[in-house]
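In: what follows is a predicted protein model with its sequence.
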Amino acid sequence: MGIPQVEGAKGACTAPLGGCGPRGNCEQRCKAMHSDGEGSCNLGLCTCTYGCFTPPSPVQPKLCTIGLGYCTSPNDCNQKCASHYNHGQGGCDFVGNVNLCSCIYQC
């Protein structure tokens, strides 16, 4: 028994099942393992093709932004943001004549 292999984005997997054996044996062994499987013989070797689960791509975290008031330095803002919010990163934005701390965090 070999390691299943995923073919493309179809969600189809294949698994080698060894020798084909008597006529119809390959198909029966494949169906016994995977109800949706289809066995096929090629050069005397049985291969089972069946539907398999393709894991979804990781979900990107949602990011939110909040203002944290006046900013004395980028480092001060970053520390303030990190201490209050999950994975928060802060930076100073010069708005008008003042520096304001803006914080981006996972929400």
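Out: Noted; the coordinates are in hand.
In: I'd like the next helix or strand past the helix or strand of the chain with the lowest mean pLDDT.
Out: When each helix and strand of the chain is scored by mean pLDDT, DSSP states H and E, strand 5-7 comes last, with a mean of 45. Downstream of strand 5-7, the next assigned helix or strand under DSSP states H and E is strand 12-19.
In: pretty sure Glu27 sits in a helix.
Out: Yes: assessed with DSSP: H, G, I helix; E, B strand; the rest coil, Glu27 lies in a helix.
In: and the pLDDT at it?
Out: Per-residue pLDDT puts Glu27 at 91.
In: now swap in Thr47 and tell me
Out: Thr47 is given a pLDDT of 92.
In: before we move on, what about Ala15?
Out: 90.
In: next one: the one 3 residues further on
Out: The predicted local distance difference test score for Gly18 is 88.
In: got the domain ranges for the protein?
Out: Following the assignment in automatic domain parsing, the chain carries domains at 5-51, 63-106.
In: distance check, Gln106 against His84.
Out: Counting by Cβ to Cβ, to the nearest Å, the separation of Gln106 from His84 is 12 Å. (Each C-beta comes from the backbone N, C-alpha and C, glycine too.)
In: re earlier: worst average pLDDT in the domains of the chain?
Out: Among the domains of the chain, domain 5-51 carries the lowest mean pLDDT, a mean of 83.
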